[in-house]
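no sequence on this one, just coordinates:
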């Protein structure tokens, strides 16, 4: 019988990872308690420990505001590429000029 993959929510993962950090129970006991595999508990525990500093304003993995100058430049580049490709397709007869 094939088991279907379960998607656990962030709250459940945090609960399991915190229980693993506490070291009150063995990983085998936690695996039985939460009905998940040992390696999954180890992975979530490692994720918690590596990213715990982010909770208190540690390193940020993304910028709060996007760089508008870069985004405008990219929009301009894409507009030029679209115009060029449209012209090439019209010349090749693959696109109608009446768009």
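Thanks, I have it. Computed from a predicted structure; not experimentally measured. Numbering: from 1, shown residues only.

could you pull out the helices for this structure?
Assigned by DSSP state H, the helices in the chain fall at 10-22, 27-34, 38-55, 68-91.

wait, which of those is closest to residue 4?
With CB to CB as the criterion, residue 4 lies closest to helix 38-55 of the helices of the chain, at 15.2 Å. No exception for glycine: its C-beta is placed from N, CA and C like everyone else's.

buried ones in the closest one?
Neighbour-count burial for helix 38-55 flags 41, 44-45, 48 (criterion: 16 or more other CB atoms under 10 Å).

any idea which of those residues is closest to residue 15?
residue 44 (9.5 Å).

excluding its backbone neighbours, what's nearest the closest one?
Nearest residue to residue 44, sequence neighbours excluded (CB to CB, 6 or more residues apart in numbering): residue 17, at 4.2 Å.

tell me the helices and strands packed up against the worst-scoring helix or strand of the chain on mean pLDDT.
Lowest by mean pLDDT, DSSP states H and E among the helices and strands of the chain is helix 38-55, with a mean of 90. Using 3 or more CB pairs under 8 Å, 6 or more residues apart in numbering; DSSP states H and E, the elements in contact with helix 38-55 are helix 10-22, helix 27-34.

residue 89 is nearest to which of the ones you listed?
That would be, of the helices and strands packed on helix 38-55 and by CB to CB, helix 10-22, which comes in at 46.3 Å.

packing partners of the closest one?
When contacts are defined as 3+ CB pairs under 8 Å, 6+ apart, helix 10-22 packs onto helix 27-34, helix 38-55.
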